[in-house]
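Participant: Here's my sequence, what's the structure:
(chains A and B)
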Number of protein chains: 2
Amino acid sequence: MKRTTSELFLRVERQSGAPLRLQIERELRSAIQSGRLAAGALLPSTRALAGDLAVSRGVIVEAYEQLLAEGYLLSARGSATRVAARRTEGSLASPANPVVQSFRFDFRPGLPDFSLFPRRLWMSAMRRVLGRAPDLALDYPDSRGVHQARVALAAYLNRVRAAAAQADRIVLCNGTTQGIALLCRVLRERGVRKIAVEDPGHADQCTDIRSFGLETPRIPVDDDGIVVDRLQRTDARAVLVTPAHQYPTGSVLTSERRAALLDWAERRDTLIVEDDYDAEYRYDREPIGALQGLCPDRVAYVGTTSKTLSPALRLGWLVLPHSLAEDVAAVKLQSDRGSGVFEQLAYAELLERGDIDRHVRRTRLIYRSRRDALVGALRERFPKQRIHGVAAGLHLLMDLRPGSDEKGIVDAAASRSIRVYGGSSYYARPAAAPPSLLLGYGGIAEEIIDAGVSELEKVILGAS
Amino acid sequence: MKRTTSELFLRVERQSGAPLRLQIERELRSAIQSGRLAAGALLPSTRALAGDLAVSRGVIVEAYEQLLAEGYLLSARGSATRVAARRTEGSLASPANPVVQSFRFDFRPGLPDFSLFPRRLWMSAMRRVLGRAPDLALDYPDSRGVHQARVALAAYLNRVRAAAAQADRIVLCNGTTQGIALLCRVLRERGVRKIAVEDPGHADQCTDIRSFGLETPRIPVDDDGIVVDRLQRTDARAVLVTPAHQYPTGSVLTSERRAALLDWAERRDTLIVEDDYDAEYRYDREPIGALQGLCPDRVAYVGTTSKTLSPALRLGWLVLPHSLAEDVAAVKLQSDRGSGVFEQLAYAELLERGDIDRHVRRTRLIYRSRRDALVGALRERFPKQRIHGVAAGLHLLMDLRPGSDEKGIVDAAASRSIRVYGGSSYYARPAAAPPSLLLGYGGIAEEIIDAGVSELEKVILGAS
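Facilitator: The predicted structure follows:
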């Protein structure tokens, strides 16, 4: 049995005149009654508590015995003393773990399959990190991230995404959201008032950007990506785009549009924020390199492990123009003094050993099969509806017939335990948007995709 | 040998008329010349790359052979093909890992001993977490933190710090800095313009708070803690205090001052932010419970693992009044969608098993010995100087003789490889502050403390 040297806050007043044993009993009783000591909480051993309070052990033994007799404490022979369950009903009792609704057919977009997370790889990387990292690695990190991780990441992005990244222009952060938040703070300080965003686009990002006091003029997207002509009519000083796989339409920014976008940034002295959120997953099209590689001094690149590994890691990065790198690092320092060191080092290990490459290749095959199954099922059951953005990513968009009640379909599907998302909610003006459904295939098993689409067909037929 | 299925961005133009082999050679050559492919980078196997580009394997074999012949690539028999070292000299080469200056006698304050970090405990907690966590735990977390971690933390804080914490009013975050930043954002949105801070106090926190557009009126601290009378003369709507161990003087807020502070908050409808940064380390005084436990609806409590475990974890928490909990969780969501899940779960495991209690007890003994050695050495060599804040924490403050050249002493010490901090820099007006030295004993071995103080004495004698 482990020695129970648990910690406990107890206060005795030596000047009060009340016997110490009574004081200790009273304090313990009230801590249990109020819920401050929760049911099941381990008490310190009598020896340890006597030492803490500088009283004789007998005093503590007697106090514990009294409370055992009163039923506040429990003690099995040879085992530690704990707070009894039935006596804790105080206001500090913990609420139950909230129940998460689960769906039979879950087409939630923007997520990987959690069961594909390489737990063993992550564990062995963590073991090597904890075994090898020098003690100095346990200090506050460089606010940009651990040097080794930035070097490994730059090499990876340059090799795989045709980026032009340098370690000293990378800031590792807690996912894409924080990356964009850091940029917003720096741009706001520099007098930027508007960051243009895509329409349709990532609605949460828009809300986040506005929370920093920035406006978000919406620029339409067509099959070639963002309409740069329309961007030119605004006075936005920055634009947030998803060139490799537009969110949510899945369109790819064409090379003409890329050139026009870079030209806009050059002539107007503006910034392009490139959200490369799921670029690792492309299936049957030519690879699309990062815009950042074409013009590293005009593009702030944002990437994440949320799609290739898991959003639970909260690990992402910025690759910044020279003119922004220092200020963003300073804002990161002020925000949270840098991101967690062990995760950065573990990810760097996996990058350096090629484990991430192998994991991406392996999961890409799985997601491609799911994509094929979903596209096949949709084409069969909805032969007239156009499907967008199937060449890459973890989701696709299917048009509904004009006039369809998109919200009614989404709700009816949910009531049959099918989770799909309405496309119009990603538009600036949802009421004017064409009805469509966003279907993610990252988190649904290939075997049940056809059945899910079949159920969805019934819902849609029933709604029309 | 592992199959080399590394990923590589390469683009071929099937319409260009140029032979594919030549295109691939040219692309690879220029990627290596530019540094995009770094020295030592693994190339994909010829089979994998042929598959990716949908060309015959022979084309890739020939391209690789040509570049091997030109010295761009290296290939040992039976081993993978890599980029040769001497050919990489591009602009993307990584800078060397910056060298950290180390000191013979390092009295840097505010840090634990990194060598005491319980690597094995952390590793085994991580192993259990990765082994047991359900797949759903790999989703984006609740922005307040994982439920299990908030429950375990509430129980710990209530038991050990006499807090009145409830799981649903806790927000786990990336350390104290982020906790205070989240509070600042919410308070600013509610129209607060001034957060009073202690003088002397934590200078970085002041800068951080001002970066959110808030003023930081400074309130003097004496031997009883913050002077509440002076706080009452300001119109600040919140105050940031360190009641258990004032930073940097080490004074403890007396019970009279506690009552006065809570009374101020009640009458003025203001908020007390309690930074309980190193409260686990108290040595020979009565325990001081958290202010939060006395008035949970007026106090926002901030805590961290940076002193008990390591700042590299970047794990801290807020315990919030009911009126703030929801808004702070929303701002956390906007800031970074929550903190890393695995660390929260690992920390919860260690709390639940009592491992944190045992670790704190074990390290407390070590730090107490260091404290004793440092106090003993200082009393012997500087018998006339007052020493403050020795009863708790990981640092102390020693007055210098009036008129001493504090900065000169700090610099002269550094030149003899002794790191100490000048106390006056923690004051609003350093020039008017009494000269003093801040000495941390968290990171210095007990055996060399006396020698360090002896060297320091020479420096101080030489400077006067």
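
Participant: Spatially central residue in chain A, please.
Facilitator: A:Pro311 (3.7 Å; C-alpha atoms, centre = their mean).

Participant: Would you mind giving both backbone torsions of the closest residue to that one other than its chain neighbours?
Facilitator: What sits nearest to A:Pro311 in space, not counting adjacent residues and going by C-beta to C-beta, 6 or more residues apart in numbering or on different chains, is B:Tyr140, at 4.6 Å. No exception for glycine: its C-beta is placed from N, CA and C like everyone else's. Main-chain torsions, B:Tyr140, degrees, to the nearest 10: phi -60, psi 140.

Participant: ok, residues contacting stretch A:455-464?
Facilitator: Residues from elsewhere that reach stretch A:455-464, judged by C-beta atoms under 8 Å, 6 or more residues apart in numbering or on different chains: A:105, A:381-382, A:400-401, A:404-405, A:408-409, A:412-413, A:416, A:418, A:420.

Participant: 10 Å - rerun?
Facilitator: Stretch A:455-464 has contacts (C-beta atoms under 10 Å, 6 or more residues apart in numbering or on different chains) with A:104-105, A:107, A:377-378, A:380-382, A:385, A:398, A:400-401, A:403-406, A:408-418, A:420, A:437, A:439, A:448.

Participant: From those residues, list the buried ones, please.
Facilitator: A:105, A:107, A:377-378, A:381-382, A:385, A:398, A:400, A:404, A:406, A:408-410, A:412-413, A:418, A:420, A:437, A:439 (16 or more other C-beta atoms under 10 Å in any protein chain shown).

Participant: residue boundaries of the helices in the stretch 251-400 of chain A?
Facilitator: A:255-268, A:322-336, A:341-352, A:355-381 (DSSP state H, counting those that start in this stretch).

Participant: how about TSV for those helices, with mean pLDDT added?
Facilitator: Shown next, in TSV, are those (pLDDT from 0 to 100):
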stretch	mean pLDDT
helix A:255-268	95
helix A:322-336	97
helix A:341-352	97
helix A:355-381	96
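
Participant: so of the ones you listed, which one's packed in deepest?
Facilitator: Per residue and on average, the most neighbours among these fall to helix A:341-352, with a mean of 24 (mean count of other C-beta atoms under 10 Å in any protein chain shown).

Participant: how far does that helix sit from the chain's center?
Facilitator: 17 Å (C-alpha atoms, centre = their mean, to the nearest Å).

Participant: counting contacts, what elements does that helix pack onto?
Facilitator: Contact partners of helix A:341-352 among helices and strands, from 3 or more C-beta pairs under 10 Å, 6 or more residues apart in numbering or on different chains; DSSP states H and E: helix A:119-132, helix A:147-161, strand A:170-173, helix A:355-381, helix B:119-132, helix B:341-352.

Participant: and if we set it to 6 Å?
Facilitator: For helix A:341-352, the packing partners by 3 or more C-beta pairs under 6 Å, 6 or more residues apart in numbering or on different chains; DSSP states H and E come out as helix A:119-132, helix A:147-161.

Participant: Report the angle between it and helix B:119-132.
Facilitator: Angle, helix A:341-352 to helix B:119-132, by axes from the mean of the first three to the mean of the last three C-alpha atoms, to 10 degrees: 70 degrees.

Participant: Run the angle between helix A:341-352 and helix A:355-381 for me.
Facilitator: Using the same axes, to 10 degrees: helix A:341-352 against helix A:355-381 is 80 degrees.

Participant: What parts of the stretch 201-350 of chain A come near chain B?
Facilitator: The stretch 201-350 of chain A has residues A:208, A:211, A:287, A:289, A:310-312, A:314, A:334-337, A:340-341 near chain B, with proximity defined as C-beta under 6 Å from any C-beta of the partner chain.
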